[in-house]
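Asks: sequence plus predicted model, see below.
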Amino acid sequence: MNHLLSFYREHAEKVLLPFWFRAIDLERGGIYTCFNNEGTELVSTDKYTWSQGRMIWILAHTASMIQKNLLSGDADFCLRNARKTMDFLRDHVFLDNGNCAYVLTADGGKKEAIPGLGYDISFYADCFVVLGFAKFAQAAGDSAALQDSLRLYRRIMERVAEGDLRSEPYPVPEGYEAHSVPMILLNVSQELADALDAFSHPEVQAVRNEAISFMDTIMDRFYDLDGGIIREMLPADRNEADTLLSRHVTPGHSLECMWFVMTEAVKAGSRQRVEQAAAVVERVFDLGWDPQHGGLFRYVDREGGGGTRPQKRRAL
């Protein structure tokens, strides 16, 4: 595996991180993400909250890896800009109801991504703010960031209990449950639990138990034992079980989720869950791999592509 380790380390240090470092707003904090497909032109200076939280996580985690000699680079630069981005969100992203705005202007003004639908249109944005703040708290030993992360997490859990989980511009179709909901909540709760544990916080076990519950929801409800897959959408009406929406599988989503499941299963000492997740990974590659060009298709049918060529995911 050493050659793979060397490849990924070099790719991170010389390709991925330099690309995104030049997208950081060094003056105001935050990161620009709206580039053309070649990455050569900034086409909008809007700052999407989802990406701000993700970048805080990346910068904080990168700083920790540098400090452990797992990567080379400037840990102080990473932590400084993670904090600056975190402060940018603190100053601008929160609404009176405790939720986060989905998108901000370059200088922090709140903006409706879809005119007329309001600012807090997606709970996923809030989830990524929790992830970023929690990782920064752990990397920098910042108890204030931890408390902010926990406060927002509890607000998200209130919305879960109330059934108030908006997810525009990708709303869950009426009559369906989406795998993406427990998936993101598993990742958020496990990352927050890790940060709480680092501070010996009294709520660590409660959040860890919630992480285990989300893991169980994924593997008990969305895992298809017969097909060995993770179903993206579960219909309430069994007559809808063979619709296109019910049949589709997202290979990349499944792989990402199984990473979260395996991480939590190892901590919980559940070998069964690890084995289930490993089987999903194997099956997803069977279904989703493009034998002609390589890579995974973005969407496939639960029984395979049948010769179709769905569009691959492209992301900068």
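Replies: Looks like it arrived, so ask away.
Asks: for this protein, what spans make up the helices?
Replies: In the chain, the helices defined using DSSP state H lie at 2-11, 17-21, 49-67, 75-92, 123-140, 143-162, 180-198, 204-217, 244-247, 251-268, 271-288.
Asks: and the lowest-mean-pLDDT helix or strand in the chain, what does it pack onto?
Replies: Between all helices and strands in the chain, the lowest mean by mean pLDDT, DSSP states H and E belongs to helix 244-247, at a mean of 86. Applying 3 or more C-beta pairs under 8 Å, 6 or more residues apart in numbering; DSSP states H and E, we find helix 244-247 packed against strand 233-235. Heads up, the C-betas are built off the backbone N, CA and C, glycines and all.
Asks: what pLDDT does the nearest residue to residue 71 once chain neighbours are set aside get?
Replies: Distances taken as C-beta to C-beta, 6 or more residues apart in numbering place residue 65 nearest to residue 71, at 4.4 Å, with adjacent residues excluded. Looking at residue 65, its pLDDT is 97.
Asks: got the contact list for the residue lying farthest from the centre of the chain?
Replies: Here the chain reaches farthest from its C-alpha mean at residue 239, the gap being 31.7 Å by C-alpha atoms, centre = their mean. Under the criterion of C-beta atoms under 8 Å, 6 or more residues apart in numbering, residue 239 has no contact partners.
Asks: could you check how far it is from residue 126?
Replies: Computed as C-beta to C-beta, to the nearest Å, the residue 239 to residue 126 distance reads 34 Å.
Asks: swap in residue 38?
Replies: Residue 38 is 32 Å from residue 126, where distance means C-beta to C-beta.
Asks: neighbour-wise, which of those two wins?
Replies: Neighbour count, other C-beta atoms under 10 Å: between residue 38 and residue 126, residue 126 has more, with 28 against 7.
Asks: which residues does the closest residue to that one other than its chain neighbours contact?
Replies: Spatially, and ignoring its direct neighbours in sequence, residue 126 is nearest to residue 100 (4.5 Å; C-beta to C-beta, 6+ apart). Applying C-beta under 8 Å, 6+ apart to residue 100 gives the contacts 49, 89, 93, 94, 120, 125, 126, 129, 152.
Asks: quick check: beta-bridge partners of residue 100?
Replies: Beta bridges link residue 100 to residue 94 when assigned by DSSP bridges.
Asks: make 45 the first number, not 1, from now on.
Replies: Fine by me, first position is 45 from now on; the one you just mentioned is residue 144.
Asks: let me know the pLDDT of it.
Replies: We have a pLDDT of 98 for residue 144.
Asks: distance of it relative to residue 57?
Replies: 31 Å.
Asks: ok, now residue 84?
Replies: Residue 84 is 21 Å from residue 57, where distance means C-beta to C-beta.
Asks: again, but for residue 186
Replies: Distance, residue 186 to residue 57, using C-beta to C-beta: 26 Å.
Asks: can you check residue 298 too?
Replies: 29 Å.
Asks: so if I had to pick from the two, which one is more boxed in?
Replies: When neighbours are counted by other C-beta under 10 Å, residue 298 comes out ahead of the other of residue 298 and residue 57, with 27 against 15.
Asks: ok, now which ones touch that one?
Replies: By C-beta under 8 Å, 6+ apart, the contact set of residue 298 is 273, 274, 324, 325, 328.
Asks: state whether the last one and residue 299 are indeed in contact, as I suppose.
Replies: Read that as residue 328. Yes: contact criterion C-beta atoms under 8 Å: residue 328 and residue 299 qualify, at 5.9 Å.
Asks: what do the two both touch?
Replies: residue 340.
Asks: more neighbours: these two, which one.
Replies: Between residue 328 and residue 299, counting by other C-beta under 10 Å, residue 328 is the more crowded of the two (24 against 17).
Asks: ok, that one - contacts?
Replies: Contacts of residue 328 (C-beta under 8 Å, 6+ apart): 273, 274, 293, 295, 298, 299, 302, 340.
Asks: and the residue nearest to the fourth one when sequence neighbours are not counted, how many neighbours does it have?
Replies: Beyond its immediate neighbours in the sequence, the residue positioned closest to residue 295 (C-beta to C-beta, 6+ apart) is residue 332, lying 3.1 Å away. Close neighbours of residue 332, defined as other C-beta under 10 Å, add up to 24.
Asks: which ones are touching residue 332?
Replies: 293, 295, 296, 340, 341, 344.
Asks: how near is the first one to residue 123?
Replies: When you say that, I think you mean residue 293. 39 Å.
Asks: and the fourth one, by the same measure?
Replies: Relative to residue 123, residue 340 is positioned 34 Å away (criterion: C-beta to C-beta).
Asks: what do you get for the last one?
Replies: In this structure, residue 344 lies at 40 Å from residue 123, with C-beta to C-beta as the measure.
Asks: higher neighbour count, these two?
Replies: Set side by side, residue 344 and residue 123 show more neighbours around residue 344, with 24 against 21, by other C-beta under 10 Å.
Asks: might one say that the more buried one is in contact with residue 331?
Replies: Yes: look at residue 344 against residue 331 with C-beta under 8 Å: they come within range, at 5.1 Å.
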